[in-house]
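Colleague: Quick one, what's the 3D model for this:
(one chain, ligands or ions: 1)
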Amino acid sequence: MTPPTGITQALAAPEKLGVHLRRDIALAPYTTMKVGGPADYFATVTSVDQMIGLVRWAQAAALPYFVLGGGSNMLVSDAGIRGLVIHNRCRQVRLEQPPRSAAEAHLFAESGAAMAGVARQSIRDGLTGLEWAVSIPGTLGGAVVGNAGAHGGEIKDRLEAALILNEGGQIVEFHLADLAYAYRDSSLKRRKPLRAGFLPVVLSATFRLAHGDPQEVRARAESYLAHRRRTQPAEPSMGSTFVNPPGDYAGRLIELAGLKGARIDGVEVSSLHANFLVNPGGVGKATAGDVIRLMEQIQTTVQTRLGVALEPEVQLVGEW
Ligand SMILES: Cc1cc2nc3c(=O)[nH]c(=O)nc-3n(C[C@H](O)[C@H](O)[C@H](O)COP(=O)(O)OP(=O)(O)OC[C@H]3O[C@@H](n4cnc5c(N)ncnc54)[C@H](O)[C@@H]3O)c2cc1C
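Modeller: The predicted model follows:
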């Protein structure tokens, strides 16, 4: 891509934040599906100050940016992402000490912290409310944007507040009402193919948790993990590919349509869970094009045989 006016001279600015800007970095290794083309510019941030500085710099330079968490809820196109991909590794997690008598405790975490790690920390502290998240891949930022959930729990149940860096570069506190949460959706998530742009960035969040019986909390988390291991494939995937249609399960319909084990080049419908498309060969063995073709085959077959239109749950990111 041709850098916007002023970018070439300004490219040194991130170095002052301690951020190293790299060119043409393949994104496949940074996603759980292990497919996807390059980012024009790529930078890893490890502190919230770096994140704020880099986003403000990109906004001032009119360089579109895209925040990459765990890459676990997206399919990056083979053409990749034009602009700057910011790899979020701001990972601090801490318990905000409540008064001894308080019934609730607050857990603070930066947006690049692994959501499962945040859950594990809460469990170590004997707190209840986030056990469901021990089995979720990806970062807290991705979970806050997508209202991640499992085992009957979801982000919106326990979120107290999130700090957001908005399109204008200001830091604002969002509460539940501002996030307009719905099933795997929020005001921060856009349901369309995504490109780099000038979207708000989640910097951190605080959860409101209750004190629980440490043994019970641990046992619940263990049972969720064991359930995952039994029911979901371990190979590279994007998690659930399609949204469950009202009153049904996408996986059940895909299996009923006879598509379990269907394959296009390196990508196949998991034989363990039909709503998971897996890339058993990992990086270099499949393309985003293979994934899209298999998704289209599934949508057409399920529509023709069962009369149900399946909608993608994963976000299609980059240039298609
Ligand atoms: C095996 C497997 C199992 C899964 N199981 C579940 C499940 O049970 N329940 C569930 O809800 N999900 C599940 N998922 C999907 C995924 O783990 C969640 O959606 C997760 O919350 C995504 O987080 P991430 O950091 O990987 O986001 P990414 O995929 O990196 O990003 C997703 C979107 O969020 C945006 N984003 C990420 N971080 C920020 C930020 N800090 N600020 C602004 N925007 C940001 C990105 O730009 C992108 O648009 C599963 C995925 C896999 C691979």
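
Colleague: Any idea how many residues pack against Y224?
Modeller: 20 (other Cβ atoms under 10 Å). Every C-beta, even on glycine, is put in place using the N, C-alpha and C of the backbone.

Colleague: what's the spacing between it and S122?
Modeller: 13 Å (Cβ to Cβ, to the nearest Å).

Colleague: which residues are common contacts for those two?
Modeller: E131 (Cβ atoms under 8 Å, 6 or more residues apart in numbering).

Colleague: I'd like to know which elements the helix or strand hosting H87 is packed against.
Modeller: Here H87, judged by DSSP states H and E, is contained in strand 81-88. Counting contacts by 3 or more Cβ pairs under 8 Å, 6 or more residues apart in numbering; DSSP states H and E, strand 81-88 packs against strand 38-45, helix 48-60, strand 65-68.

Colleague: Just checking, which helix or strand of the chain averages the lowest pLDDT?
Modeller: When each helix and strand of the chain is scored by mean pLDDT, DSSP states H and E, helix 7-10 comes last, with a mean of 53.

Colleague: so what pLDDT did L140 get?
Modeller: At L140, the model reports a pLDDT of 98.

Colleague: who are the neighbours in contact with it?
Modeller: 69, 109-115, 118, 202, 204-205.

Colleague: can you check R56 too?
Modeller: R56 touches 165, 169, counting by Cβ under 8 Å, 6+ apart.

Colleague: What distance do you get for it to W320?
Modeller: 29 Å.

Colleague: ranges for the helices of the stretch 151-300 of the chain?
Modeller: Assigned by DSSP state H, counting those that start in this stretch, the helices in the stretch 151-300 of the chain fall at 155-158, 176-179, 214-231, 250-256, 288-306.

Colleague: Can I get those in JSON lines including mean pLDDT and distance to M51?
Modeller: Shown next, in JSON lines, are the helices of the stretch 151-300 of the chain (pLDDT from 0 to 100; distance: least, Cβ to Cβ, whole Å):
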{"stretch": "helix 155-158", "mean pLDDT": "98", "distance to M51": "20"}
{"stretch": "helix 176-179", "mean pLDDT": "95", "distance to M51": "19"}
{"stretch": "helix 214-231", "mean pLDDT": "96", "distance to M51": "29"}
{"stretch": "helix 250-256", "mean pLDDT": "98", "distance to M51": "34"}
{"stretch": "helix 288-306", "mean pLDDT": "98", "distance to M51": "27"}
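
Colleague: could the ones you listed go into CSV alongside distance to the ligand?
Modeller: Shown next, in CSV, are the helices of the stretch 151-300 of the chain (distance: least, Cβ to the nearest ligand atom, whole Å):
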stretch, distance to the ligand
helix 155-158, 8
helix 176-179, 12
helix 214-231, 8
helix 250-256, 12
helix 288-306, 13
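
Colleague: Just give the number of residues close to the residue of the stretch 151-300 of the chain found nearest the ligand.
Modeller: The ligand sits closest to G239 of the stretch 151-300 of the chain, with a gap of 2.4 Å, by Cβ to the nearest ligand atom. Neighbour count of G239, defined by other Cβ under 10 Å: 19.

Colleague: Which strands or helices does the following helix or strand past the least confident helix or strand of the chain pack on?
Modeller: Following helix 7-10 in sequence order, the next helix or strand is helix 13-16 (DSSP H and E). If contacts are counted by 3+ Cβ pairs under 8 Å, 6+ apart, helix 13-16 sits against helix 48-60.

Colleague: From the contacts of L140, list the ones also adjacent to the ligand.
Modeller: With Cβ under 6 Å from any ligand atom as the criterion, these include 69, 111, 202 near the ligand.

Colleague: Whichever of those end up buried, select them in PyMOL.
Modeller: With 16 or more other Cβ atoms under 10 Å as the burial test, the buried ones among the ones next to the ligand among the contacts of L140 are selected in PyMOL as follows:
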select buried, resi 69+111+202
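
Colleague: Now the ones next to the ligand among the contacts of L140 in CSV, please, with extra columns for pLDDT.
Modeller: Compiled in CSV, those are given as follows (pLDDT from 0 to 100):
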residue, pLDDT
G69, 98
S111, 98
V202, 98
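
Colleague: I figured V308 was touching P245, is that so?
Modeller: Yes - using Cβ atoms under 8 Å, V308 is in contact with P245, at 5.6 Å.

Colleague: overlap in contacts of those two?
Modeller: L253.

Colleague: Which residue is the nearest non-sequential neighbour of A103?
Modeller: A210 (6.6 Å; Cβ to Cβ, 6 or more residues apart in numbering).

Colleague: Just give me the neighbour total for the one you found.
Modeller: So A210, with other Cβ under 10 Å, has 12 neighbours.

Colleague: That one reaches G129, doesn't it?
Modeller: Yes - counting by Cβ under 8 Å, A210 does reach G129; the two are 6.0 Å apart.

Colleague: Among the ones next to the ligand among the contacts of L140, find me the one that's closest to P137.
Modeller: Relative to P137, the closest of the ones next to the ligand among the contacts of L140 is G69; by Cβ to Cβ it sits at 9.5 Å.
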